[in-house]
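[1] Generate coordinates for the sequence data below:
(2 chains)
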There are 2 protein chains.
Amino acid sequence: MYSYIPPIDDYRFLLGEVLGFDTAMADIGKDVDADLAAAVLEEAGRMCADRLHPINREGDEQGSQLVDGAVRTPHGFAEAWRDFAQAGWASLSADPAYGGQGLPFILQLWFDEMMAATNLSFGLFPGLTRGACEAIMAHADGALKATYLPPMISGEWTGAMALTESGAGTDLALLKTKAVPCGDGRYAITGQKIFISSGDHDFGGNIVHLVLARLPDAPAGVKGISLFLVPKFLPDDQGAFTVRNAMSVGALEKKMGIHAQPTCVMNYDEATGWLVGAPNKGLAAMFTMMNAERLMVGVQGLGIAGAAYIQAAGYAKERLQGRSADGTRGPVAIIDHADVRRMLLNIRAFVEAGRALGGWTALQLDRAHHHPDPAERIRADALVALLTPVVKAAFTDFGFESAVQAQQVFGGHGYIREWGMEQFVRDARIAQIYEGTNGVQAMDLVGRKLSLGDGAVVEGFFDLVQADLEAAKGTVIADASLTALALLRSTTTSLRGAGVDAAGAAAVDYLRFFALVSMGWMWSRMAAAAQEDSPLHQSKRAVATFFANRMLPQADGLAASIAAGEGSIMALDADAF
Amino acid sequence: MYSYIPPIDDYRFLLGEVLGFDTAMADIGKDVDADLAAAVLEEAGRMCADRLHPINREGDEQGSQLVDGAVRTPHGFAEAWRDFAQAGWASLSADPAYGGQGLPFILQLWFDEMMAATNLSFGLFPGLTRGACEAIMAHADGALKATYLPPMISGEWTGAMALTESGAGTDLALLKTKAVPCGDGRYAITGQKIFISSGDHDFGGNIVHLVLARLPDAPAGVKGISLFLVPKFLPDDQGAFTVRNAMSVGALEKKMGIHAQPTCVMNYDEATGWLVGAPNKGLAAMFTMMNAERLMVGVQGLGIAGAAYIQAAGYAKERLQGRSADGTRGPVAIIDHADVRRMLLNIRAFVEAGRALGGWTALQLDRAHHHPDPAERIRADALVALLTPVVKAAFTDFGFESAVQAQQVFGGHGYIREWGMEQFVRDARIAQIYEGTNGVQAMDLVGRKLSLGDGAVVEGFFDLVQADLEAAKGTVIADASLTALALLRSTTTSLRGAGVDAAGAAAVDYLRFFALVSMGWMWSRMAAAAQEDSPLHQSKRAVATFFANRMLPQADGLAASIAAGEGSIMALDADAF
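    Residues are numbered from 1 along each chain as shown, chains lettered A, B, ... in the order given. Sure, this is the predicted structure:
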């Protein structure tokens, strides 16, 4: 395999020339500039390339194992985790009040991209820990926060989210795990959870599970779900966490990919837990975790696509097959063949636009948390809410498609394990499924997010996109994106007030359409910022035109498909399937 | 897993009501009618469902192993092969002169679909044996034919195709394996081949390798390649095949999928072989194998998609999550959700049209071989040549996408191995790569097949499609397909005389566009034939409309992307990638 090359030049370009990072930080009173940010990313990239990338392939082959009821992670993972935590990488964007470094979320997001690019299985450990911290921070009482946050933020301890049960996945209303009050502020949690990422490991330290369960008197459905903090180790009389809680790994899930990641079936047998947030308000607390996680999952697609691109481009420049287009030379490197370039450019046009759009969204999240003006915070928060399902679903769909195309560049060698291309495909696939399937994301966008502020949020976003595109009018990318935006706006209007079936029938196509226009917007902004003769600027302009010419045209078909409505989808009886 | 349901009702519908099977057979003087054909398919389907499907999952988990230099196939494979051969399934469409049953190729093709649906790894054994027989039949001398064809056709022996080397895949000009004449009509073959499906096994019997190699005085490039028959066992003095030839399995390839299939690295160390066909004409002989194989590989995509559909539809009707669209009932089966139906219908709209289009192409192949009028044979042969890359690439692309969508219906459970959905994805992936990658198929279509007869072949095909669609004018599917066909015709004209880069830039999008229109044609024919109130006829009309409304619109985007040309693809220097 080729070495992983962290996309620092691209980050630097986006921070300094496209996204207005310095101004954004000044707006929210953060004392970080683009140079410092790039330096942090460079250091983070080095860690990913030097420590996480080398153990990724072997981690896939070995997988995590369950030995005598305990998880054994693959060779090198525990050591990598120790070094990762000691160097402070677990606490990058966390709250300084609990030991975090308080760096902006955009750095965390791009760091997540590089972790996914080099070792998705590993990246889930800090990722889920961060999600758990967010929920504790937002909903737990002061005592729980003081006890659990500092060691989780430092990376001494890790976190896990225990939501799904075998009969309750997308529909958590069906979950059955029980929580019985012990009378002393503690609860006894009993039930089985499945698909629990990082549910156990051998890194040392405590593992803090956040478990959804029902109180005895809870109403039926989602209004009767509460969230509990259930640590693997409970405090003894001296307050040291040495007492094993009544929870155990029932099995490791055997999965298509992310083999190094210990995805657990967890059994809780009257395990001791504490309530996080109010009784029966667990779903809201869970969504605090989920929303943060969903942006991270989106950039997982991005990360794998970028990593697969590096391999495929490297291979395409070295692999000799066929003759030059004029027939005079052969064998030539396959990068000379138009179809190979087309595949590489498809990946790149997504990755670079995704990186920009993810970064833009992350800056809005920073703004939502830290802007001094409450109205600005609300506005930014609504934009994040709007874009979260788009980032999650579109980035992971394009990410998977990118991994498949990068594998295709290798021909038969792409199907052989040693090259690592098929691992990208297997690993990328999970991101389309977990943290809410991409169909659920699309329904969230169409069913909920389009009606935020009675449609004002999405219209506001479109206005913003339109203004940027109009400022660049006359370029191929801006003009094509403006046309697509107009079609997206009319499609959006047509979906206003759509029934559940109409929304469901349109959702996945609509989300892809929305993402294509958003990427066109980012390509237009990048092309406008890239007016010099440097190789980076030249590439940006060329790929922007490629995107306009060869990817954005998908939008027409999607619009037509949406316009056809739900009739032919709902026509057949269920038993005709 | 749900049981595999062979699509016999669909075959019967196509044979009797859509494809005019009885007339087609009468035209070529074959004494087979639709009832007999359906009976054969029913028996074949029973064998696939009862013998091949049950060993598919375990075959994936165990994989083929290399033990002391010999391949050990997974549990049950050798027994299944023995029964398969004894029941005559290896000889279905083979020439009666050598022990075959001489049944029409369309039955073989649909049998291939069912084999791929139930056990792709297994299906490659008879599939490659058949390819090898085709080449021997067409190019070998009488003695080789008499010796090798009968036991290969009966299934006592199997075949393998040894083409690829590590430095020579798509571009066979680069291959290095050598063949030195021994002076007695035999040759000594030396070299290493990779990716050799069914290169060795433990079924008993001989394994007949067809090996591409260079003679000492051969011209450079593809004009210096010859084909050799190299059996695992050579005849002893009594003519019994007991003498081990100097060839060995260097390793088994570790692959993303088709784990049960022993894909070998083969070493030939002065192995004894015989020339098949004329010296330096090996490429033509190889294409005899390849063309037959490519149709088979296409229906592999179809088979896996159909099998994945059965699982996903079964699951969707049983899995309870969420509420009904009107909010009054819950949990409901997920088949009630529009997005789940959309995914299932995407699969089905491809599978049923593909089955029809594959069947139509197979009937042309039967016509090309057996029609009494040479002009009809030539015409049919040209249509097969035109459609072969379309069937191979589009069916395997849609097949893979179908497997991914079927997996998505299962949510998290789709990512877990035990459900078998992720195996479909991993197994389906190979069909986009082997027997010429789908990019190579697309280049074959655009670069060679469009100019057959100076464009008359493709125009003749379009005329035929147009006539059928015009006859059904006024239906949603016929009207939408006519519009798409007009656009395809003008796109085709615009590609006439395109340079290598322009053709390469357009090829993959063009092939998909071509396939969509061809499927629209088949949906129109099926809908026109399905005018009764039976469940099957109702479903056909509904899915035809779905295809027109929700899949065919992709054609517009593809046309726009092709029209944009190769400029933005070729703009960057190779080192900018």
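
[2] Let me see the domain layout of chain A.
    A:8-153, A:159-280, A:437-566 (automatic domain parsing).

[3] The last one and chain B, any residue contact?
    Meaning domain A:437-566. Yes - judged by CB under 8 Å from any CB of the partner chain, domain A:437-566 comes into contact with chain B through A:437-439, A:442-443, A:499-505, A:507-508, A:535, A:538-539, A:542-543, A:545-546, A:548-551, A:553-558, A:560-561, A:564-566. C-beta: built from backbone N, CA, C; applies to glycine.

[4] which of those count as buried?
    Among the residues of domain A:437-566 next to chain B, the ones that count as buried by 16 or more other CB atoms under 10 Å in any protein chain shown are A:437-439, A:442-443, A:500-505, A:507-508, A:538-539, A:542-543, A:545-546, A:548-551, A:553-558, A:560-561, A:564-566.

[5] quick one, longest strand in chain A?
    strand A:264-276 (DSSP state E).

[6] got the angle between the helix or strand just after that one and strand A:264-276?
    Per DSSP states H and E, the first helix or strand lying C-terminal to strand A:264-276 is helix A:282-318. Between helix A:282-318 and strand A:264-276, the angle comes out at 140 degrees (axes from the mean of the first three to the mean of the last three CA atoms, to 10 degrees).

[7] any bit of helix A:282-318 sitting next to chain B?
    Yes - Helix A:282-318 is in contact with chain B by CB under 8 Å from any CB, via A:313, A:316-317.

[8] For that helix, name the packing helices and strands.
    Contacts defined by 3 or more CB pairs under 8 Å, 6 or more residues apart in numbering or on different chains; DSSP states H and E place helix A:282-318 against helix A:105-139, strand A:158-162, strand A:207-213, strand A:226-231, helix A:338-370, helix A:374-409, helix A:421-431.

[9] can you state the direction angle for the first one and strand A:226-231?
    Orientation note: helix A:105-139 sits at an angle of 100 degrees relative to strand A:226-231 (the same axes, to 10 degrees).

[10] what does the longest one give?
    Inter-element angle recorded for helix A:374-409 and strand A:226-231: 70 degrees (by the same axes, to 10 degrees).

[11] For helix A:374-409, what is the distance to the chain centroid?
    Its chain's average C-alpha position is 8 Å from that of helix A:374-409, according to CA atoms, centre = their mean, to the nearest Å.

[12] Tell me the buried residues in that helix?
    Going by 16+ other CB under 10 Å, helix A:374-409 has these buried residues: A:377, A:379-409.

[13] I'd like the distance between A:V222 and A:V67.
    According to CB to CB, to the nearest Å, A:V222 and A:V67 sit 38 Å apart.

[14] Of the two, which one has the most company?
    A:V222 (16 against 9; other CB atoms under 10 Å in any protein chain shown).

[15] I figured A:P235 hits A:V243, correct?
    Yes - the pair formed by A:P235 and A:V243 meets the contact definition of CB atoms under 8 Å, at 7.0 Å.

[16] The longest strand of chain A and chain B, any residue contact?
    No - against chain B, strand A:264-276 shows no contacts by CB under 8 Å from any CB, the least distance being 10.4 Å.

[17] picking up where we left off before, just the buried subset of the residues of helix A:282-318 next to chain B, please.
    Neighbour-count burial (16+ other CB under 10 Å) applied to the residues of helix A:282-318 next to chain B gives A:313, A:316.

[18] Adding pLDDT as columns, could you present the residues of helix A:282-318 next to chain B in a markdown table?
    Shown next, in a markdown table, are those (pLDDT from 0 to 100):
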| residue | pLDDT |
| --- | --- |
| A:A313 | 98 |
| A:A316 | 98 |
| A:K317 | 98 |
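
[19] Quick one: residues contacting A:V404.
    Listed by CB atoms under 8 Å, 6 or more residues apart in numbering or on different chains, the contact set of A:V404 reads A:425, B:400, B:429.

[20] my read: the last one touches B:I258, true?
    No - taking CB under 8 Å as the definition, B:R429 is not a contact partner of B:I258, at 9.2 Å.

[21] Looking at these two, which one has more neighbours?
    Neighbours were counted for B:R429 and for B:I258 using other CB under 10 Å; B:I258 has more, 30 against 27.

[22] Can you tell me which residue of the stretch 401-550 of chain A sits closest to chain B?
    A:G504 (3.2 Å; CB to the nearest CB).

[23] How far off centre is the helix or strand of chain A with the lowest mean pLDDT?
    None of the helices or strands of chain A scores lower by mean pLDDT, DSSP states H and E than helix A:282-318, at a mean of 93. Relative to the chain's own centre, helix A:282-318 is displaced by 5 Å; criterion: CA atoms, centre = their mean.

[24] ok, and for it, which residues are buried?
    A:282-283, A:285-286, A:288-316.

[25] And stretch A:416-435, by the same measure?
    A:416-417, A:419-435.

[26] And what about the residue of chain A most remote from its centre, helix, strand or coil?
    Distance from the C-alpha centroid of chain A peaks at A:T328, with 46.5 Å (CA atoms, centre = their mean). Counting by DSSP: H, G, I helix; E, B strand; the rest coil, the backbone at A:T328 sits in coil.

[27] and what of A:G250?
    Going by three-state DSSP: A:G250 is strand.

[28] what's around the closest residue to it other than its chain neighbours, how many residues?
    Leaving aside its chain neighbours, A:G250 sits nearest to A:V265 (3.9 Å; criterion: CB to CB, 6 or more residues apart in numbering or on different chains). When counting by other CB under 10 Å, one arrives at 18 neighbours for A:V265.

[29] On the strand side of things, show who A:V265 bridges to.
    Per DSSP bridges, the residues bridged to A:V265 are A:A251.

[30] what about it, distance to chain B?
    Applying CB to the nearest CB, to the nearest Å, the value for A:V265 to chain B is 10 Å.

[31] Contact partners for that residue?
    A:V265 touches A:192-194, A:196, A:249-253, counting by CB under 8 Å, 6+ apart.

[32] ok so, going back, could you give the angle of the longest strand of chain A to strand A:158-162?
    100 degrees.

[33] Only C-alpha atoms, please: export strand A:264-276 in CSV.
    What follows is strand A:264-276, C-alpha atoms only, in CSV (Å, rounded to 0.1, in the frame of the first residue of the first chain):
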residue,chain,number,x,y,z
CYS,A,264,-20.6,-6.3,21.2
VAL,A,265,-23.8,-8.0,22.2
MET,A,266,-24.0,-6.7,25.8
ASN,A,267,-25.9,-8.3,28.6
TYR,A,268,-26.9,-6.2,31.6
ASP,A,269,-28.0,-8.3,34.6
GLU,A,270,-29.2,-5.9,37.2
ALA,A,271,-26.2,-3.8,36.4
THR,A,272,-25.9,-0.7,38.5
GLY,A,273,-26.6,2.6,36.7
TRP,A,274,-27.4,6.3,37.2
LEU,A,275,-30.1,8.3,35.4
VAL,A,276,-28.8,10.8,32.9
